[in-house]
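Participant: Pasted the sequence and its predicted model underneath.
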Amino acid sequence: MNITRKIISSHMVSGSMKAGSEVGLRIDQTLTQDATGTMAYLQFEAMGVKKVRTKLSVSYVDHNTLQTGFENADDHRFLQSIAEKYGIYFSPAGNGICHQLHLERFGVPGQTLIGSDSHTPTAGGLGMLSFGAGGLDVACAMAGEPFYITMPKVVKVNLTGRLRPWVSAKDIILELLRRLSVKGGRGKVFEFAGPGVLTLSVPERATITNMGTELGATTSIFPSDNITKAFLKQQKREKSWKEIVPSKDAEYDEVIEIDLNALEPLIALPHSPDNVRTVKAVEDTPVNQVAIGSCTNSSLADLLLVSKTLKNKKINKNVSLVISPGSRQVVTMLAKSGALSDLIASGARILENSCGPCIGMGQSPSSGAVSLRTFNRNFEGRSGTKDAKVYLCSPEVAVAAALFGKITLPSKIGAKPKVKLPAKLDIDEKMFFAPSKNPGKTEILRGPNIKPLPVFEPLPEKFSAGVVLMVGDNITTDHIMPAGSKILPLRSNLPAISEYAFSAVDREFVSRAKASGSGVIAAGENYGQGSSREHAALAPRYLGVRAVIAKSFARIHLANLINFGIIPFTFKTASDYDKLSLGDRIEINSAAKALGGGSNELSALVRSADGSLKYEMALNFDLTQRQKSIIFAGGLLNWIKSGSKNASE
Ligand code: MIC
Ligand code: SF4
């Protein structure tokens, strides 16, 4: 068996390991972050469970750390009190980015982890089988429920050779994105193997598994070997180490070969992580901003390289260089080694250890600016500046641009400085707060911006809904429910945040959806790629959307739609998309019967706005019995509370 199948088989509680069928997995650990966490914990509270039933659950605050009003601070306080009461470890703002911290302090090879953040597969760098999920799925896992995935195909990515100087782990994942696109990983796990694996440290591996998310992959994973052991030892967690390697005769569904020697510095151009070119091809493009950090590239090794490269130099006068370290440990080590003062002296602006500019929490570039970022996403407008041109690259390429003021091959800096990690790291766990031993005494602290969960109706017998939006391919969750410093503080307030749904795509969407009463969204391929934010399903549902008809869906968003009772249909005939118009009405008689039968196809009537019949459209749905009954109940929470869950088991 390969590693993926080994871990799945040791955690499987239902289903079968046949690619395409549904598998229920026992989850050992969960993580949440603040922007998705408040909703997840409101849902967990609604389940009435006294204490988390996982081996370990951690609640991080790292996204909404710019406190421009009371909202974010209230959320942080709420999260801390919830954690204390329900048996969850709490990592306050200032500790760092959840994925970096989870690698350093909590991840365990061979265990399963789900997190309410799409980049949870970062822990795959440690040999952990980890998935991004909606907050409600994480809440269920905390309540001891299994997590369901479609059994993925396992792709062996066979790495040979060794990276040349100035070429980095980021270039490996950019190469995969170049070859496979943002849709290429759907339904697959990328398992890294081959002699090249031994040349990569855990933070380098984590950069790759982190950004496997951008391929649309179910997850990505590396073996847990002596390099993993050394990393854990350095973090004083050697006891958590366990060897996880594939069997000698392991089989895979596909094999991809990458010769590390042959790679050169790569860069993703605006506005998609798969729009990859060689750095050489876009050399000399003037650069206005360089941002180094995010859960992809904010490790100590990354930032030591940047500081060594900048030592005794000044950044270009036309560039604003911002750096957000991944964790308190990273900043402490930078400070102790003197690297922090080298960074400051070079002209860099040091930010808080948090997601920061990656999610548009400050540092929006100037109008039309070119911003080079070591991050993982460059969707249009995500930086907070609609017409900014965001490129994604390695710290090596980023630092070269900061020095030269234009995109430059990093080899032009000269010899690559040698980075040696300090033999001893500063390990200090005092800022991770353990749950209370006396939870009865903990009061949950809510602020006025934390609104109760809405109650959703079950699926009506006759489905009749207007087409309220038509969008194309690769619509991201940033299109559906934008982030940024203005909108993120509303994550705990569904009525308020819903007003921003699709705001950058179609300003009329909200009023149209409200007027329609019940709505349908028609979309192209890979609908809902990107984040795990369930607000991208919750807000449309709150505005009356009951179905999305797409050419195909991204994994986490599909699960979120089902969890909130939105039917994910696919067009049987793709050209039916072209026949639809805004304002058409879709009708399905005896909806529950049509969905509930053995077939995965039904027929819907499409009527023009004036009520006349336009045509009949065949719709597909690929849903398990469990998913169907969740939709009939109007969503997962209703399903759990109504007892339909027990009835269908
Ligand atoms: C992101 O990178 O888009 C986020 C912000 O981390 C999201 C989670 C969120 O929307 O809160 C993610 O990747 O899941
Ligand atoms: Fe935070 Fe950016 Fe990573 Fe999302 S991708 S978790 S916003 S650093």
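Facilitator: Noted; the coordinates are in hand. Ligands and ions are numbered 1, 2, ... in the order given.
Participant: Can you pull the residues of the stretch 301-450 of the chain lying near ligand 1?
Facilitator: Within the stretch 301-450 of the chain, the residues that sit near ligand 1 (Cβ under 6 Å from any ligand atom) are 359, 377. (C-beta placed from N, C-alpha, C; glycine too.)
Participant: In the stretch 301-450 of the chain, which residue sits nearest ligand 1?
Facilitator: Closest to ligand 1 within the stretch 301-450 of the chain is Ile359: 4.6 Å, counting by Cβ to the nearest ligand atom.
Participant: Tell me how many other residues surround the residue nearest to Leu580 when sequence neighbours are not counted.
Facilitator: Excluding the flanking residues, the one nearest Leu580 by Cβ to Cβ, 6 or more residues apart in numbering is Ala522, at 5.2 Å. Close neighbours of Ala522, defined as other Cβ atoms under 10 Å, add up to 25.
Participant: likewise the one 5 residues further on?
Facilitator: The burial metric for Tyr527, expressed as a neighbour count using other Cβ under 10 Å, is 29.
Participant: The residue nearest to it when sequence neighbours are not counted and Ala523, how far apart?
Facilitator: Once flanking residues are discounted, Tyr527 sits nearest to Ala550: 3.9 Å by Cβ to Cβ, 6+ apart. Relative to Ala523, Ala550 is positioned 4 Å away (Cβ to Cβ, to the nearest Å).
Participant: His479 too?
Facilitator: In terms of Cβ to Cβ, His479 sits 10 Å off from Ala523.
Participant: what touches both of the two?
Facilitator: Common neighbours of His479 and Ala523, using Cβ atoms under 8 Å, 6 or more residues apart in numbering, are Val471.
Participant: quick check, distance from stretch 279-290 to the centre of its chain.
Facilitator: 27 Å (Cα atoms, centre = their mean, to the nearest Å).
Participant: May I see the buried residues of it?
Facilitator: Using 16 or more other Cβ atoms under 10 Å as the test for burial, stretch 279-290 gives 279, 285, 287-290.
Participant: which residues sit against that stretch?
Facilitator: Contacts of stretch 279-290 (Cβ under 8 Å, 6+ apart): 264-267, 269, 315, 318-322, 363, 365-366, 369-373, 391, 393, 397-399, 401-402, 405-410.
Participant: Look up phi and psi at Ser341.
Facilitator: Here is the backbone geometry of Ser341 (degrees, to the nearest 10): phi -70, psi -30.
Participant: can you tell me which residues contact it?
Facilitator: Neighbours of Ser341 in contact, by Cβ under 8 Å, 6+ apart: none.
Participant: 10 Å instead?
Facilitator: 307, 311, 334-335 (Cβ atoms under 10 Å, 6 or more residues apart in numbering).
Participant: ditto for Ala169
Facilitator: Residues near Ala169 by Cβ under 10 Å, 6+ apart: 125, 163, 199-201, 203-211, 260, 296-297, 301-302, 394.
Participant: My understanding was that Ser532 contacts Pro121; is that so?
Facilitator: No. Using Cβ atoms under 10 Å, Ser532 is not in contact with Pro121; the gap is 11.1 Å.
Participant: re the thing from before, among the buried residues of stretch 279-290, which ones are in strands?
Facilitator: Mapping the buried residues of stretch 279-290 onto strands (DSSP state E) picks out 289-290.
Participant: closest to Ser492 among the buried residues of stretch 279-290?
Facilitator: Taking Cβ to Cβ as the measure, Gln289 is the one of those closest to Ser492, at 30.6 Å.
Participant: So what pairs up with that closest one in the strands?
Facilitator: Counting by DSSP bridges, Gln289 forms beta bridges with Ser320, Ser371.
Participant: same question, the one 4 residues further on
Facilitator: For Gly293, the beta-bridge partners are Ser324 (DSSP bridges).
Participant: could we number from 38 for the rest of this?
Facilitator: All set: I'll call the first residue 38, so the last point we hit is now Gly330.
Participant: what separates the residue most central in space within the chain from ligand 1, distance-wise?
Facilitator: The centre of the chain sits closest to Ser155, judged by Cα atoms, centre = their mean, with a distance of 1.7 Å. As judged by Cβ to the nearest ligand atom, to the nearest Å, Ser155 and ligand 1 stand 4 Å apart.
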